[in-house]
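Participant: can't give you the sequence, but here's the structure:
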């Protein structure tokens with residue numbers, strides 16, 4: 001299996017925050033969700049991968065290359081697309097076309113119609129959601145082999161978020177394409193992602209198949225007295241009626257019949273991990 005993205009020992013310090021030598025791979029042909037709390041290092045990582053910030057250490061290979069020649073094969077979109085306030089969608093295409101050898105004007109205007117965007121409307125008058133749609137229309141018109149997206153569904157209503165996921169599925173129908181996108185809306189990832197990179201406080205906690213991560217844990221709830229002494233529980237919370245927490249599926253044995261176990265979501269994993277780690 002070849003990798004579209006290879007990150008090894010990537011390091012960056014900003015004040016009190018440090019991206020701490022993180023490493024992960026994204027296999028070619030996968031949709032990969034990049035998850036973590038706000039401030040975990042997701043946007044910093046994406047900017048370092050694109051050389052938008054200077055690394056303190058580490059290496060990045062994209063599509064097997066580590067030089068500027070790869071830029072034409074990448075489509076990138078950040079939370080706040082940077083377009084001139086006075087520009088219209090027509091102005092944006094006019095500005096970008098000379099610098100993008102693979103620019104697909106037909107695709108651009110198809111997405112403009114699909115997103116119901118006015119080609120003559122100035123950027124400064126667009127809502128946040130409309131700016132996100134415009135940014136996606138631009139990004140999807142590069143004929144890129146790899147999309148790096150930072151919060152691509154942020155600011156969109158549920159119907160438009162679902163349509164955006166359909167668009168990413170359509171993008172992936174061409175062989176050899178890959179998507180890496182960060183989001184705090186983990187429900188979107190559960191619908192579409194094959195692969196997950198989970199980062200917390202500048203460190204990678206998990207990198208691998210989404211289904212393997214979800215199958216690794218389960219939520220357990222029980223009444224008073226149902227928690228076996230010394231049992232390893234992640235993010236344990238005890239209350240008047242009993243307790244709740246997360247355990248590894250392999251460690252589920254030993255709970256009494258009154259305890260209830262449930263499948264986890266990506267949200268569950270992030271919440272319980274954030275509560276303070278293992279308790280017993």
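Facilitator: Nice, I can see it. For clarity, every value in this text was computed on a predicted model and none was experimentally measured.

Participant: In its sheet, which strands sit next to the one helix or strand residue 261 maps to, and in what direction?
Facilitator: In the assignment (DSSP states H and E), residue 261 maps to strand 260-263. Strand 260-263 sits in its sheet next to strand 217-223 (antiparallel), going by DSSP bridges.

Participant: got the contact list for the partner strand?
Facilitator: Under the criterion Cβ atoms under 8 Å, 6 or more residues apart in numbering, residues 233-234, 241-249, 252, 255-256, 258-264, 268-269, 272 lie in contact with strand 217-223. C-beta: built from backbone N, CA, C; applies to glycine.

Participant: What residues sit buried inside the next helix or strand after that strand?
Facilitator: For strand 217-223, the succeeding helix or strand toward the C-terminus, using DSSP H and E, is strand 233-239. Buried residues in strand 233-239, counted by 16 or more other Cβ atoms under 10 Å: 233, 234, 235, 236.

Participant: Could you do stretch 256-273 as well?
Facilitator: Buried, per 16+ other Cβ under 10 Å, within stretch 256-273: 259, 264, 266, 268, 269, 270, 272, 273.

Participant: Which pLDDT value does the model give the first one?
Facilitator: It stands for residue 259. Per-residue pLDDT puts residue 259 at 92.

Participant: now the helix or strand harbouring residue 167: how far from the chain's centre is it?
Facilitator: In this structure, residue 167 sits in helix 158-171 according to DSSP H and E. Here helix 158-171 shows a centroid-to-chain-centroid distance of 15 Å under the convention Cα atoms, centre = their mean, to the nearest Å.

Participant: same question, stretch 117-124
Facilitator: Centre to centre, stretch against its chain (Cα atoms, centre = their mean), the figure for stretch 117-124 is 28 Å.

Participant: If we go by neighbour counts, what in it is buried?
Facilitator: 117, 123.

Participant: Let me see the mean pLDDT of it.
Facilitator: Rounded mean pLDDT across stretch 117-124 is 94.

Participant: And that stretch, end to end?
Facilitator: Chord length of stretch 117-124, first to last residue, is 13 Å (Cα to Cα, to the nearest Å).

Participant: which residues touch it?
Facilitator: 83-90, 92, 109, 112, 130-131, 133-134, 137.

Participant: Please repeat the previous calculation with a cut-off of 7 Å.
Facilitator: 83-90, 112, 130-131, 133-134 (Cβ atoms under 7 Å, 6 or more residues apart in numbering).

Participant: any low-confidence regions in the stretch 151-280 of the chain?
Facilitator: 276-280 (pLDDT under 70).
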